[in-house]
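[1] what would the 3D arrangement of this be:
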Amino acid sequence: MPAGPHTTSAVMTPRGITWLGLVINVGLSGAKILGGLIFSSQAILADGLHSLSDLVSDVAVLAGLRVSERPADGSHPWGHRRVSTMVAMFVGALLLVLGCAIVYNAIVSFRDVHAPMTSLVPLSLALATIPLKEILFHLTRRVGRRVGDVSLVANAWHHRSDAFSSVAAAAGLAVVAIGGQGWSFMDELTALVLSAFLIVAAGQIMWSASSELIDRAPSRAIIDAIESAIRDTIGVRDHHAVRARQIGGKVTMDVHILVDPDLTVRQGHDIASAVQESVRKADGNIVDVNVHVEPWESRQDRNRPAGPA
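    Here you go, the predicted structure:
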């Protein structure tokens, strides 16, 4: 029976899409690693190890989602969102280590003499992986962007790198199958190409995650949207000291606004609340907005000399 709307909505959640990826990766990694060992194919073995790393990252993302969604508490007054950043860093490090391991195994295997590959099973496994992982990439990235979770987006790119590695594996295995033993070196060469995909993806993921850990500001477009929302709020005469940072794919910020000095404390508080609401509407990923209220002074007041003490 076709999946109903409730089934589809359950899958298109952070946990649902990650569980789907985990189930698929269990089947793919087991089949490809077994195929690589049985048919002595470095390319499909490397591809299987890549799928196995996807499985490990799925488990890490599920654990991270469980923790990062917890509300703030006494020990973590800003919440637990950095856990998803740490998981993204872990996924990147896993890819980097795996890429280096594949390089080592491929270089060592160049010295070995291989029997000609007569089975098309490794090639079939690589071809079957491509559409599955490409679909997982698009679905996982869509959910990750919708909820603003960097660990999900990192895991999506892990799926995409697996699809790319399977394309390279399929191309190399096809050459080996057609060319025979004289082209058996393409198996190891393909494994080296796969490692390049892994290492580049790892560098991108780790750079993004490490930037968040050192409080990188969001994009210029987000900053511009924040400042525009502040300026358009009724009662705000001016503003300064806008600071924003990314935490786990979300944005937290603070700003100093200047209001009429004759307003009451309650009126100033209401304007600050209006600024918070306007900023959150400007971008759905802005979760924390701290507003400091200061009295506004006209240019004449600022230039007026102070009276005698």
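
[2] count the neighbours of residue 290 for me.
    For residue 290, the count of nearby residues is 12 (other C-beta atoms under 10 Å). Any C-beta I mention is one placed from the backbone N, CA and C, and that applies to glycine too.

[3] hey, what's the residue lying closest to it once chain neighbours are set aside bridged with?
    Setting aside the residues directly before and after it, residue 290 is nearest to residue 254 in space (C-beta to C-beta, 6 or more residues apart in numbering), at 3.9 Å. Legend: beta-bridge partners of residue 254 under DSSP bridges are residue 243, residue 290.

[4] how many other residues sit next to the nearest residue to residue 245 once chain neighbours are set aside?
    Excluding its sequence neighbours, the residue lying closest to residue 245 (C-beta to C-beta, 6+ apart) is residue 215, at 4.2 Å. A count of nearby residues for residue 215, using other C-beta under 10 Å, gives 12.

[5] flag the shaky bits of the stretch 101-250 of the chain, pLDDT-wise.
    Residues of the stretch 101-250 of the chain meeting the criterion pLDDT under 70: 106, 109-118, 180-188, 191, 248-249.

[6] helices along that one, start to end?
    In the stretch 101-250 of the chain, the segments counted as helices under DSSP state H, counting those that start in this stretch are 121-147, 150-179, 185-213, 220-231.

[7] point out the most buried one among these.
    Of these, the one with the most neighbours on average (mean count of other C-beta atoms under 10 Å) is helix 150-179, at a mean of 24.

[8] and the nearest residue to residue 127 once chain neighbours are set aside, how far is that from residue 60?
    Take residue 127 and drop its neighbours on the chain: the residue closest to it by C-beta to C-beta, 6+ apart is residue 170, 5.2 Å away. Residue 170 sits at a distance of 28 Å from residue 60 (criterion: C-beta to C-beta, to the nearest Å).

[9] same question for residue 154.
    10 Å.

[10] got any residues that touch both of those two?
    Residues touching both residue 154 and residue 60 by C-beta atoms under 8 Å, 6 or more residues apart in numbering: 87, 91.

[11] what sits against the residue nearest to residue 41 when sequence neighbours are not counted?
    Spatially, and ignoring its direct neighbours in sequence, residue 41 is nearest to residue 122 (4.4 Å; C-beta to C-beta, 6+ apart). Contacts of residue 122 were listed using C-beta under 8 Å, 6+ apart, and they are 32, 35-36, 39, 41, 43-44, 169, 173.

[12] distance of the residue nearest to residue 127 from residue 86?
    Distance from residue 170 to residue 86, counting by C-beta to C-beta: 34 Å.

[13] how about residue 59?
    14 Å.

[14] my guess is residue 237 contacts residue 258. True?
    Yes - with contacts counted by C-beta atoms under 8 Å, residue 237 reaches residue 258, the gap being 4.9 Å.

[15] for the two, list the residues in contact with both.
    With C-beta under 8 Å, 6+ apart, residue 237 and residue 258 have common neighbours residue 296.

[16] wait, what's in contact with the residue nearest to residue 290?
    Counted by C-beta under 8 Å, 6+ apart, residue 254 has contacts 241-243, 289-292.

[17] spatially, which two of those are the most separated?
    The widest separation within those, taken as C-beta to C-beta, falls between 241 and 289 and amounts to 13.3 Å.

[18] which of these two has more residues huddled nearby?
    When neighbours are counted by other C-beta under 10 Å, residue 241 and residue 289 differ, and residue 289 comes out ahead with 22 against 10.

[19] report pLDDT for the nearest residue to the more buried one once chain neighbours are set aside.
    Using C-beta to C-beta, 6+ apart and skipping residues adjacent in sequence, the residue nearest residue 289 is residue 276, 4.4 Å away. Residue 276 carries a pLDDT value of 94.

[20] tell me the secondary structure for residue 276?
    Here residue 276 is recorded as helix under DSSP: H, G, I helix; E, B strand; the rest coil.

[21] quick check: it touching residue 286?
    No - counting by C-beta under 8 Å, residue 276 sits too far from residue 286 to count as a contact (9.3 Å).

[22] of these two, which one has the most company?
    Neighbours were tallied for residue 276 and for residue 286 using other C-beta under 10 Å; the higher tally belongs to residue 286 (22 against 18).

[23] show me what contacts that one?
    Contacts of residue 286 by C-beta under 8 Å, 6+ apart are 222, 226, 244, 250-253, 279-280.

[24] try it again with 7 Å
    Neighbour list for residue 286: 251, 253, 279-280 [criterion: C-beta atoms under 7 Å, 6 or more residues apart in numbering].

[25] out of those, the closest to residue 98 would be?
    residue 251 (31.7 Å).

[26] in a helix, that closest one, correct?
    No - checked against three-state DSSP, residue 251 lies outside a helix; its state is strand.

[27] that one touches residue 219, doesn't it?
    No - using C-beta atoms under 7 Å, residue 251 is not in contact with residue 219; the gap is 9.8 Å.
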